[in-house]
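Q: any chance you can model this:
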Amino acid sequence: MKELIGSPGTASGLVLRIGQCMFAAAAIGVMVSAMGFSNYTAFCYLIASMGLQVLWSFGLACLDVYALRIKRDLQNPVLVSLFVVGDWVTATLSLAAACSSAGVMVLYARDLDFCRPAMHIPCSRFQISIALAFITWFFTAISSHVMFWILASV
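A: Numbers count the residues shown, from 1 in each chain. Now for the predicted structure:
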């Protein structure tokens, strides 16, 4: 079987999971540091989605570290099926949260002009958090596609 970049139990898989975890944690940190984020449902959904992503990615990163330490192959059908389902669920939730938050920001920044200095809304922090969420989704999408191809070949 060919080894794909980002496969579970490999160094590239570990880097991918750490990237997912770190960008999701950064998205949470930036959003939480913005005053008044909890007034907007889409931003709360972004926090919840990124929190789930942090937990999933951290758990799989720990599994990758374990597999690398004992030099064990994680590519059996049961594990890969679990990884596929988890990655596709978290990828879908992450994309939905990032898109809904981005839609709210477009509405506030461009249509309603809520981001002017007199309004005192931390739009730049919201935008940075949303950008980090999209980066997280990109890493998760890569991982979910790799897992899908591995599942097809197992």
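
Q: distance check, the residue of the chain most remote from its centre against Met105.
A: The centre of the chain is farthest from one residue, Ala118, which by CA atoms, centre = their mean lies 33.0 Å away. Distance, Ala118 to Met105, by CB to CB, to the nearest Å: 18 Å. To be clear about C-beta, it is placed using only N, CA and C from the backbone, and glycine gets the same treatment.

Q: contacts only, for the closest residue in space to Tyr45 that isn't next to it in sequence.
A: Take Tyr45 and drop its neighbours on the chain: the residue closest to it by CB to CB, 6 or more residues apart in numbering is Ala97, 5.0 Å away. By CB atoms under 8 Å, 6 or more residues apart in numbering, the contact list for Ala97 reads 42, 45-46, 48-50, 133.

Q: could you do Leu14 as well?
A: Contact analysis of Leu14 by CB under 8 Å, 6+ apart lists 61, 64-65, 68.

Q: show me what counts as buried in the helix or strand where it lies.
A: Per DSSP states H and E: Leu14 is located in helix 11-33. Neighbour counts over helix 11-33 (16 or more other CB atoms under 10 Å) mark 13-14, 16-28, 30-31 as buried.

Q: which helices and strands does the next helix or strand after it pack with?
A: Sequence-wise, the next helix or strand downstream of helix 11-33 (DSSP H and E) is helix 41-70. Where contact means 3 or more CB pairs under 8 Å, 6 or more residues apart in numbering; DSSP states H and E, helix 41-70 is packed against helix 11-33, helix 77-106, helix 123-153.

Q: out of those helices, the one nearest Phe114 is which?
A: Phe114 lies closest, by CB to CB, to one member of those: helix 123-153, at 7.3 Å.

Q: can you tell me the centre-most residue of the protein?
A: Most central in the chain (CA atoms, centre = their mean) works out to Thr136, at 3.6 Å.

Q: thinking that one is in contact with Ser49, fair?
A: No. Using CB atoms under 8 Å, Thr136 is not in contact with Ser49; the gap is 9.1 Å.
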